[in-house]
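K.L.:
below are the sequence and a predicted model for it; my questions follow.
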Amino acid sequence: MEKKPRKKTDANAWLNTYADMVTLLLCFFVLLYSASEIDATRWKQIADNLRNPAFQPTQPGDPGEEEGMDTAQAEDPLIDFRALLNKISEEFEGENTVDIQISESGDFVFVTFRDSIFFEPNKAELLPSGNRALRKFIRAISGSEDVIGALKVYGHTTQLREANEYLNIRFDIGLSTERAATVLSRIMIDCDIVGKNVSADGKGMYWPVADFRTEEGRRMNRRVEILVANDLTKGITLEEVYEVLGIELHE
């Protein structure tokens, strides 16, 4: 049989494979380069932030450190509340300590007003002396509403007749509640505490701190109490306040 002639091979065919490989490698390196390229805009932002003094460490004794501490203290709500306690005490400095008593625990302040300052017997309209006392109180807490977690007003009356008489109980509870509401509404009108934890509570004759059988005891029992608490103690009850301050109820 006659042999078929062999086809001639191209001696330069390997160049095609080599060119393809080089092209692929070039594409690969371009991809690596694009992935590792630094965004100039982002780099500039990082550099500017690092130059910001807020990112610079402060050394002991550096004025900037003291300024930062002062700012942190100024924003501390507990420090602001202690300042509020001092303002209330200063407003009533020199007042009759029998008619106006101020007690505090560090987390709340408790002010007791004898009702003779605020009201006439069996009435719930504020006397001029009551308006003056409330103006002092309002002046003390104005501007500090943000650190007040709760403001609660309690009204108390005294026992004039038998405690089991229906009309007497109804009258005492109603009168003490109305008096507490009168005081609280006046405070809310003049201070920005709407929406805060505020309440007016009439306790009637049932929280006596003295003997009902004496005139002095009845005078001590007729009172209005204002509790100003911070966020830590805004849920404190009147019973807990009495326990903390050592106030004992008369049986």
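P.N.:
Cool, the structure landed. All figures in this text were calculated on a predicted structure; none of them were measured in a lab. Numbers count the residues shown, from 1 in each chain.
K.L.:
tell me the contacts of Arg114?
P.N.:
Neighbouring residues of Arg114 by Cβ atoms under 8 Å, 6 or more residues apart in numbering: Val98, Asp99, Ile100, Arg219, Met220, Arg222, Arg223. Any C-beta I mention is one placed from the backbone N, CA and C, and that applies to glycine too.
K.L.:
the residue lying closest to Ser142 once chain neighbours are set aside: neighbour count?
P.N.:
Spatial nearest neighbour of Ser142, excluding adjacent residues (Cβ to Cβ, 6 or more residues apart in numbering): Cys191 at 5.9 Å. When neighbours are defined as other Cβ atoms under 10 Å, Cys191 has 20 of them.
K.L.:
again, but for Ile247
P.N.:
Ile247 has 17 nearby residues by other Cβ under 10 Å.
K.L.:
so it belongs to a helix, correct?
P.N.:
No - counting by DSSP: H, G, I helix; E, B strand; the rest coil, Ile247 is not found in a helix; it is coil.
K.L.:
for it, give its distance to Arg82.
P.N.:
Separation of Ile247 from Arg82 (Cβ to Cβ, to the nearest Å) stands at 22 Å.
K.L.:
just the helices in the stretch 151-251 of the chain please.
P.N.:
Taking DSSP state H, counting those that start in this stretch as the criterion, the stretch 151-251 of the chain contains helices spanning 166-190, 215-221, 238-245.
K.L.:
and the second one, what's buried?
P.N.:
Counting neighbours by 16 or more other Cβ atoms under 10 Å, one finds that the buried residues in helix 215-221 are Gly217, Arg218, Arg219, Met220, Asn221.
K.L.:
helix or strand right after the worst-scoring helix or strand of the chain on mean pLDDT?
P.N.:
Every helix and strand of the chain was ranked by mean pLDDT, DSSP states H and E. The lowest is helix 63-74, at a mean of 45. Where DSSP states H and E defines the elements, the next helix or strand beyond helix 63-74 is helix 77-91.
K.L.:
which other helices and strands contact that following helix?
P.N.:
strand 100-104, strand 108-114, helix 128-141 (3 or more Cβ pairs under 8 Å, 6 or more residues apart in numbering; DSSP states H and E).
K.L.:
average pLDDT for that helix?
P.N.:
Average pLDDT, helix 77-91: 79.
K.L.:
buried ones in it?
P.N.:
Under 16+ other Cβ under 10 Å, the buried positions of helix 77-91 are Asp80, Phe81, Arg82, Leu84, Leu85, Lys87, Ile88, Glu91.
K.L.:
what's the angle from it to strand 108-114?
P.N.:
20 degrees (axes from the mean of the first three to the mean of the last three Cα atoms, to 10 degrees).
K.L.:
ok, the residue nearest to Ser142 touching Ala140?
P.N.:
No - if you go by Cβ atoms under 8 Å, Cys191 and Ala140 don't touch, sitting 10.2 Å apart.
K.L.:
before we move on, the earlier item: now the two most distant members of the buried residues of helix 77-91.
P.N.:
Asp80 and Glu91 (16.7 Å; Cβ to Cβ).
K.L.:
remind me which residues of the protein are low pLDDT?
P.N.:
For the chain, the stretches with pLDDT under 70 are 1-15, 30-79, 96, 160-167, 195-196.
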